[in-house]
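**Q** the following block contains a protein sequence and its predicted model.
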Amino acid sequence: MAEVILENVDKVYPGGVQAVTDFNLNIQDGEFLVLVGPSGCGKSTTLRMVAGLEEISGGTIRIGRRIINDVAPKDRDVAMVFQNYALYPHMTVYKNMAFALKLRKYPRREIDQRVREAASILDIEELLERKPKALSGGQRQRVAVGRAIVRQPKAFLFDEPLSNLDAKLRVEMRAELKRLHHKLSTTTIYVTHDQEEAMTLGDRVVVMKFGVMQQVGTPLEVYNRPLNKFVAGFVGTPPMNFLDGTVTSDGGDLFFDGTDFRLRLPKQHASALASHVSRPVILGVRPQAMNTNPEGRFAGKDNSIPVTVQVVEPLGEKMDVFAATPTFPHIVARVDARTDITTEAKLNLYLDMNRVHVFDTDGDQVNLTLASA
């Protein structure tokens, strides 16, 4: 095992396409780090540069104390698990897992021991004599992971390994990967476009956009304290609501004035927002910070938005209420499914004002202390 360090790493493709820009990150020994972002944000390119499958255009990559910029992929001592599994169809599971060790001329006894230990960890011992065509998607994924485990590398690199699985199996495999990491404690870099996957798996999460790192932190830090509007909107399900308005001052209190409503901002954060009085801002409200009843943390004064319900989506214990005001056509609230709400109903949505986020017009968050409440 070893730490992985990226310093000022750039990737520019022919034609001047900048895929990754000035990427700096220190991945600790034994850490499970997730790179997340929309398609084309540079996360897979970053992973492939660590693996040696893409040349870097600038900067330095280290594994441990060793600079690996010019080291061949096979000599970097990392193991990669691909989205399409990349199993040899003509080989059995045993031979697929043993192949890399045979190329490195390991003794036959050690190869057998490593393969069977990995198979035991992944509960695929009874599959060793099957070929990939006789396996389910989840079993193939376990074999691909097993092939990486037997090498006992310094780092595991996962490139969207669960994207080809159905929803139920993805949940099962997420738990399996988390359990496996706790058991092996190998440095792991994991790429996904699924923010739920990132939140459940990562010790830390890196959110990327257009090849630039937007924020790095624990899953809860990124969720509760997003540095900008992009991170706030990308992390969280359903996505955060964004409402345009202005910060105003009235009688010593600060308010967010939208076209259709006025919301009182918490006094304890007046200093953070004072410089934005009379300036346009964007209010971010997560669906979970809205309710149809003014009770508990949703109780307060000047904390409601009058809306018209458009669609109700039951989700079991919860339901998503899609609503609108004359100015904002898309507002989503996640509420208790036992709430009696019908389409076209007119009601008030009450906000937990200690959980709102205020962004300036550049998209940077103004009230980080407010968002941590």
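**A** Received, thanks. Numbers count the residues shown, from 1 in each chain.
**Q** going forward, measure contacts and count neighbours with C-alpha atoms only.
**A** Noted.
**Q** after the longest helix belonging to the chain, which helix or strand is next?
**A** Using DSSP state H, we find that the single longest helix of the chain is helix 167-184. Downstream of helix 167-184, the next assigned helix or strand under DSSP states H and E is strand 187-192.
**Q** okay, that next one in CSV with CA atoms only?
**A** In CSV, the C-alpha atoms belonging to strand 187-192 read as follows (Å, rounded to 0.1, in the frame of the first residue of the first chain):
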residue,chain,number,x,y,z
THR,A,187,-5.5,2.6,-1.2
THR,A,188,-8.4,2.9,-3.6
ILE,A,189,-9.4,5.5,-6.3
TYR,A,190,-12.9,5.1,-7.5
VAL,A,191,-14.5,6.9,-10.5
THR,A,192,-18.3,7.3,-10.8
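**Q** partner strands of that strand and their direction?
**A** strand 32-36 (parallel), strand 155-159 (parallel) (DSSP bridges).
**Q** most packed of the ones you listed?
**A** Ranked by mean neighbour count, those are led by strand 32-36 with a mean of 27 (mean count of other Cα atoms under 10 Å).
**Q** report the angle between it and helix 167-184.
**A** 140 degrees (axes from the mean of the first three to the mean of the last three Cα atoms, to 10 degrees).
**Q** quick one on the thing from earlier: reformat the strands paired with strand 187-192 as CSV; add mean pLDDT and distance to residue 139.
**A** Formatted as CSV, the strands paired with strand 187-192 follow (pLDDT from 0 to 100; distance: least, Cα to Cα, whole Å):
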stretch, mean pLDDT, distance to residue 139
strand 32-36, 97, 23
strand 155-159, 94, 16
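**Q** quick one: closest of the ones you listed to residue 97.
**A** Closest to residue 97 of the strands paired with strand 187-192 is strand 155-159 (Cα to Cα; 15.1 Å).
**Q** identify the residues contacting the closest one?
**A** 1-2, 44, 47, 51, 77-83, 148, 186-192 (Cα atoms under 8 Å, 6 or more residues apart in numbering).
**Q** gap between the longest helix of the chain and the chain center?
**A** Chain-centre distance of helix 167-184: 15 Å, with Cα atoms, centre = their mean, to the nearest Å.
**Q** that helix - contacts with which helices or strands?
**A** helix 195-201 (3 or more Cα pairs under 8 Å, 6 or more residues apart in numbering; DSSP states H and E).
**Q** in the helix it packs on, what counts as buried?
**A** 195, 197, 198, 199, 201 (16 or more other Cα atoms under 10 Å).
**Q** same check on stretch 12-26?
**A** Those would be 18, 19, 20, 21, 22, 23, 24, 25, for stretch 12-26 by 16+ other Cα under 10 Å.
**Q** got the angle for the helix or strand containing the first one vs strand 32-36?
**A** Right, the one you point to is residue 18. Per DSSP H and E, residue 18 falls inside strand 17-27. If you take the same axes, to 10 degrees, strand 17-27 sits at 160 degrees to strand 32-36.
**Q** check which helices and strands strand 17-27 is in contact with.
**A** strand 4-13, helix 43-51, strand 212-217.
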